[in-house]
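Participant: Here is my input, please return the structure:
(chains A and B)
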Amino acid sequence: MEKKPFNAFEMAQQQFDGVAEKLGLDPAVRDLLRNPLREYHFLIPIRMDDGGYKVFPGYRVQHNDARGPCKGGIRFHPHETVDTVRALAMWMTWKTAVVDIPLGGGKGGVICDPHNLSDREQEALCRGWVRQVAKNVGHEQDVPAPDVMTHGQHMLWMLDEFEKIHGAKYPGFITGKPVGMGGSLGRTEATGYGVMFTVREAMKELGLDISKTLAAFQGFGNVSQYAARLYRQFGGTIICVSCWDQAEKTTFTFRRTKGIDPDELIGITNKFGTIDKAKAKALGYESLPGDAWIEQEADLLVPAALENQISGANVGKISKRVKVIAEGANGPTTPEADKVIADRGIFMIPDFLCNAGGVTCSYFEQVQNNMNYYWGLEEVLSRLDEKMTSAFKAVSDLARKKNAYMREAAYMIAISRVAEAVHRRGWV
Amino acid sequence: MRETHSFPSGPLRERVKELRCLQAVVALIETPGLTVQEILEGVIERIPPGWQYPEFCRVRIRYRQSEFASPGFVETPWHQRVVLRVQGAPVGSIEVCYLENLSLRRDDPFLVEEKKLIALIGSRLGRLIEGREGDIPAYADPARDKAAPAAKAEWEVILGLLKETDRILYKRVVRRLMNHLHWQGVPGVQGLLLHFEPEAQGGRPEDVRDDNQPMPKRDVESLEKVFEEAIWIASLAMSEEEILALIKQWMRQDKLGFFMVAIEKRDLSLLEIKEIVDLFCRSTLEDEQALSRADDLQARIALIRRFLSDRLEFIRIARDHISIHDFGRLLNRISGPSQGSGRLGGKSAGMVLAEHILERKRRENPAIGDFRVPESWFIASDGLIDFIHYNFLEDLQSFKFSRLEEIRHYYPYLEQICKQSFFPPEMLNQFKLILEDAGEGPLIVRSSSLLEDSTGTAFSGKYRSLFLANTGTKEERLAALTDAVAEVYASIFNPDAIQYRAERSLLDYYEEMAILIQRVVGTRVGKYFFPAVAGVAFGNNEFRWSSRVRREDGVLRLVTGLGTRAVDRVGNDYPVLVSPGQPSIRVNITPEEILHYAQKFIDVINLDTRRFETHPIDKILREVGADFPWWDRIFSVGEDGSVRKASRALDHPAGDGLVVTLAGLIEGTGFVKQMREIMRVLREAFGMPMDVEFAHDGRQLHILQCRPQSRQEEEASVAVPAWIPDERKLFSASRHVTTACVSGIRTVVYVDPAAYSNLPTAAALAAVGDTVSRLNGLLPRKSFILMGPGRWGSRGDIRLGVKVQYADINNTAMLVEIARKVGRFVPDLSFGTHFFQDLVEARIRYLALYPDEPGNLFAEAFFRNSPNVLADLVPEYEHLGEVVRVIDVPAASGGLELCVIMDGDGEKALGFLAETRCPPEPASR
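Facilitator: Down below sits the predicted model:
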């Protein structure tokens, strides 16, 4: 029996090929877009705390910068493969294109396990990474950001090294910095609010009065909490949220059919995302099994927890009432379930559009850095609304025009924007 | 050499020659009427016979401008020289030369004793000259010479008096003087001691060889003579002040003889011993050598055996660190039946010893730093027996032999019986005294079992430890204390403890339990009382989170508040883990991990309700705010995707983002270094890794408890058995092995590495995780192990390892990660980092396998070819049968079970098929 091992990059290329075929792209454009434009592979020698030396492989993949500087995270992962990074860089190109921000796609990282490194060694790694690619990155070329096992502190070390090398201040070189150190307000809210801006537009389009709709949320982390708050502000009624219970090592769905107040629930949620069951009961919530959220009589489902949550096994449980699914998480729907949802005519807001609020806010961070003037929270959020709304409209217009499934339309619009850019620049 | 015929041969003969030489020289010096010149000339003649080769021995004495020499003196390479001094200034010298070297030693033919002898003669001559200086070249004044010996030194007067009044003491003192001279290597004394040899009395050598023949008895006169000669030699070899000081010391030590006699008695009651030790301590000074070294040691050992432990290894360590005066202080804090003979139990003994070891070592090792042991009071182990007798509860003693279900059933009732019983009036009075001594403020009542000490078995968590707020009226405080002691006593019948004893064949032991009452370390904040930081330190790290962390780097489990949360493993909360040897290699790296694995609840004593309580930290922070002890050392702020140390100036004291990281403590103070040094010193002293409980109130570190780790952590080290036949071996490992024994495994869930990596889609890979999760829910807890490729629970690329969360694997006994070669390299394993702390808290063992490394064994055929029962258990995942293989071990092996023995000491692990639960009862080390 011949089986090919799973390869993320090949999957991404197949997906691209499908859309490219539909768009009828030229072979040369396809060749250009199905591979990264540039890749940097290099070594970073580090002096370890014990006095010895160790060499770590590092890399940066710049998939495409036809629409603007590349944008994408830096991952510290012990067993990264270049194909995974290529796939993720390509995905960033489509994501920035679908929300129509003037950026391209990139990704990078270091093969290491931060669990085996002290803070000082990690700092040395960050600075070493920057030294190797300082000429090839920057706010006008390629803008890194935090990703798997990297965070604000790593970004500040990298920024500092970059500025030392170039002898000037370039806060826009990197995003994901803490507020007060060049970070933008609204970063925490951005993804959740972005999800709900697209939902609002979807409802408008479907002719639904959002204030008369019911919604079920999966997950009660950052994305879900802000999305739920905004949904309630819009007048919608949340009937349940599911959440992880650390003590019982399982998930529960908390339901209150007359409506959930997210702030009330946040008040009884510890900072690790676990809702206090006893208090919830006292407030009139019933607790159901973790996967009960999917079978609720609601107009809107928001899977905002993990990957592969709507699968062939449970897609059948989705109620007839459901009209919109907003993918707050990355890849919550398996391809098998996706097909069922498309066939049932449920309106799908695909992940890379739905949760693009985060990358849009990163873009805003960079914009504010470059003008060295920082917006208030309101301004960030209203600009986010504007961006997400217009991005959504463009995708849904296309979907309507071509009678395509939303996910397909989103890819089409993203890829055609990039194809257009490479073409008009005269590359192919 | 003719005269040597009457001498014993060899070294003994030499000693006698030396003594005679000394006697001759001194006799000459003391001959009245001789001038210095005459004396010096005489000495030249008298020296050679005392040396090993008199025929070849020549002497020269220089004194001021004069020089005297034996005939034929020439300077040769083999010569000795001693300077003659008057009031420290050199005035001449004595030189002894051999004309030929007859010795086997080429450069230095002189004996050590000869070197001492010439030095002694030199110093005696010096003193003579000092007295006579001025006589030369004038003639000696015989009158003055005679007057000198008439004035007796003070010590001679004392000895003389002693001889008249207390002959026993006189003999003891002179005997010690002889010993002293002998140990100082003073020549002549060895010769003197020869008087006691039978040969020296004219006995035939063959007499002595007969061991069964009684030795002839010496007559009194000859003993007397020996004593006098010894005194005479002492007067030559030592200054008057020296002799006087020694004689005084010995007489004083002798006066303390009562102590030695008493302390050796076995049946001495607590009261008597207290009185004797108290008397000793009052009549001696702490730093004085009040007893001879040997007696002192003997007394310390007797006290250690009586109160702390009779295990030889314990005594061996303790005797060097605990003085009689230390016991004097300790005894003031020991209560119990005054006629009783109980001990303090394992927990107290360990603590007392650790305290004194650290105190002593700190004097020369400042790195140990400041620390204290909280004020403690002890109730000796026989208090329990008195309590039982007083309440006619003797029938309870046989309770332990009942059936376990019965014990479980009756235990709550029994606990109530104990709590409603009365204490004997004597104990009650002692409790009152303890409370008076302690004043108000929280106390902890701990059990300190004799069994724990005598067998080296861990009873952690089996017997009770109770916190008391200790506030209110005297009566209320006393009632609370007696209630707590009764409850601790009752815990001896705790079914868990009895089961534990039964499993280790310890039921027959007559268990006694001592009580340790300790002041709780902490600060009062509002109505709460708790330490800023508390926890437990292990000398060996049995659960390492990185290949860079070594076993002997140890581990600290730290919490804020009472240490109960660090000592006991509480299901849904986490202590901060630090490796004192590698503090910079942390368990949790990303902000999400740090937030997730942070302590959320705190244990405190509520002084209002007088109860031990657990509260969410947020709640306490809202109530006490910045008064929280060590606020800025304990908390960090998690915001905006990063975690930074909290700042008193910038952050709200009860802000939302506050999270316990102890970053300020770990990075900003010398605490970790201090703990590392303490653990190192204790490991060195005890010769094994230790388990130390501690608390810090923000001002000072307190050591609360200390015991050997191997006994406490239950994972007695088991060597990988050598007798396993090859066909029963399933896998072996030789890297990153911790100490554990996982036995009785009936199911193996094996995710085939090759099949897994060949799965074509992400969804298919994810389904493997789902399958594991389902199996985890279906199979009996801890009856199965999970084995599979790469990094389980990895959040990155799903191909790197089975995608699971902790809840998906929480019932497994063990997680085995298999690193197969992929192309040219072997992937890194996760060491369970993604849920490392969950594994630690649930005691799920972790093993890394490297099947492609030489020397490692991996019976792939067993895992691949054994019947797969996946479809029977979860039919809906039957299609993954190629990847997930569920092996019913007894069915696949003809009734055997899987056992994995991991020997962290030897860095070896072996998984094999075994008949019964293994290993056969781990022997205590």
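Participant: ranges for the strands of the stretch 151-300 of chain A?
Facilitator: For the stretch 151-300 of chain A, applying DSSP state E, counting those that start in this stretch gives strands covering A:214-218, A:237-245, A:250-255, A:286-289, A:300-303.
Participant: what's the offset of the last one from the middle of its chain?
Facilitator: Between the mean C-alpha point of strand A:300-303 and the mean C-alpha point of its chain there is a distance of 16 Å (CA atoms, centre = their mean, to the nearest Å).
Participant: how about the following helix or strand past it: buried residues?
Facilitator: From strand A:300-303 onward toward the C-terminus, using DSSP states H and E, the following helix or strand is strand A:324-326. Using 16 or more other CB atoms under 10 Å in any protein chain shown as the burial criterion, the residues of strand A:324-326 that qualify are A:324-326. Placement of C-beta: from N, CA and C, glycine included.
Participant: ok, now stretch B:255-274?
Facilitator: Neighbour counts using 16+ other CB under 10 Å place B:256, B:259-260, B:262-263, B:268, B:270, B:273-274 of stretch B:255-274 among the buried residues.
Participant: Also stretch B:747-756?
Facilitator: Counting neighbours by 16+ other CB under 10 Å, one finds that the buried residues in stretch B:747-756 are B:747-753, B:755-756.
Participant: now A:K387, what's its secondary structure?
Facilitator: Following DSSP: H, G, I helix; E, B strand; the rest coil, the label given to A:K387 is helix.
Participant: Mark out where each domain of chain B begins and ends.
Facilitator: According to automatic domain parsing, chain B comprises the domains B:2-150, B:154-209+B:217-255, B:338-519, B:523-711, B:726-914.
Participant: Can you lay out those domains as JSON lines showing distance to chain A?
Facilitator: What follows is the domains of chain B, written out as JSON lines (distance: least, CB to the nearest CB, whole Å):
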{"stretch": "domain B:2-150", "distance to chain A": "46"}
{"stretch": "domain B:154-209+B:217-255", "distance to chain A": "49"}
{"stretch": "domain B:338-519", "distance to chain A": "20"}
{"stretch": "domain B:523-711", "distance to chain A": "3"}
{"stretch": "domain B:726-914", "distance to chain A": "4"}
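Participant: export those domains to CSV and tack on mean pLDDT?
Facilitator: Putting the domains of chain B into CSV (pLDDT from 0 to 100) gives the following:
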stretch, mean pLDDT
domain B:2-150, 77
domain B:154-209+B:217-255, 76
domain B:338-519, 86
domain B:523-711, 88
domain B:726-914, 82
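Participant: Tell me what B:G638 is bridged to.
Facilitator: Counting by DSSP bridges, B:G638 forms beta bridges with B:V643.
Participant: who's in contact with it?
Facilitator: Shown here is B:G638, whose contacts under the criterion CB atoms under 8 Å, 6 or more residues apart in numbering or on different chains are A:271, B:591, B:594-595, B:657, B:659.
Participant: A:L33 too?
Facilitator: Contacts for A:L33 (CB under 8 Å, 6+ apart) come out as A:16, A:20, A:25, A:64, A:93, A:415, A:418-419, A:422.
Participant: Nearest to chain B among the residues you listed?
Facilitator: Compare each of the contacts of A:L33 with chain B using CB to the nearest CB and the shortest gap goes to A:F16, at 16.5 Å.
Participant: which residues does the residue nearest to that closest one when sequence neighbours are not counted contact?
Facilitator: On the basis of CB to CB, 6 or more residues apart in numbering or on different chains, the spatially nearest residue to A:F16 that is not a chain neighbour turns out to be A:R34, at 5.3 Å. For A:R34, the contacting residues are A:13, A:16-17, A:20, by CB under 8 Å, 6+ apart.
Participant: so which strand or helix has B:I444?
Facilitator: Taking DSSP H and E as the criterion, B:I444 maps to strand B:443-449.
Participant: low pLDDT regions in the stretch 51-200 of chain A?
Facilitator: A:79 (pLDDT under 70).
Participant: Repeat the analysis, applying 90 as the threshold.
Facilitator: For the stretch 51-200 of chain A, residues meeting the criterion pLDDT under 90 lie at A:76-85, A:87-88, A:112-116, A:147-152, A:179-180, A:188.
Participant: Close to chain B: what parts of it are there?
Facilitator: A:75, A:77-81, A:84, A:113-121, A:146, A:148-149, A:151-153, A:176, A:178-179, A:183, A:187-188 (CB under 8 Å from any CB of the partner chain).
Participant: Which among those count as buried?
Facilitator: Using 16+ other CB under 10 Å as the burial test, these include A:75, A:77-81, A:84, A:113-119, A:121, A:146, A:148-149, A:151-153, A:176, A:178-179, A:183, A:187-188 as buried.
Participant: Among these, which are located in helices?
Facilitator: Taking DSSP state H as the definition of helices, those contribute A:84, A:119, A:121, A:152-153, A:187-188.
Participant: Pick out the most distant pair among those.
Facilitator: Taking CB to CB as the measure, those reach their widest spread between A:E121 and A:T188, a distance of 29.3 Å.
Participant: which one of the ones in helices among the buried ones among the residues of the stretch 51-200 of chain A next to chain B is nearest chain B?
Facilitator: Taking CB to the nearest CB as the measure, A:G152 is the one of those closest to chain B, at 3.5 Å.
Participant: Wait, that closest one touches A:P146, no?
Facilitator: Yes - between A:G152 and A:P146 there is a contact under CB atoms under 8 Å: 6.7 Å.
Participant: Mutual contacts of these two, please.
Facilitator: Both A:G152 and A:P146 are in contact with A:176, B:641, where contact means CB under 8 Å, 6+ apart.
Participant: Which residues does the host helix or strand of B:V604 contact?
Facilitator: Following DSSP H and E, one finds B:V604 within strand B:601-606. Counting by CB under 8 Å, 6+ apart, the neighbours of strand B:601-606 from elsewhere in the structure are B:442, B:467, B:469, B:520, B:522, B:527-530, B:559-562, B:564-565, B:570, B:573, B:611-617, B:620.
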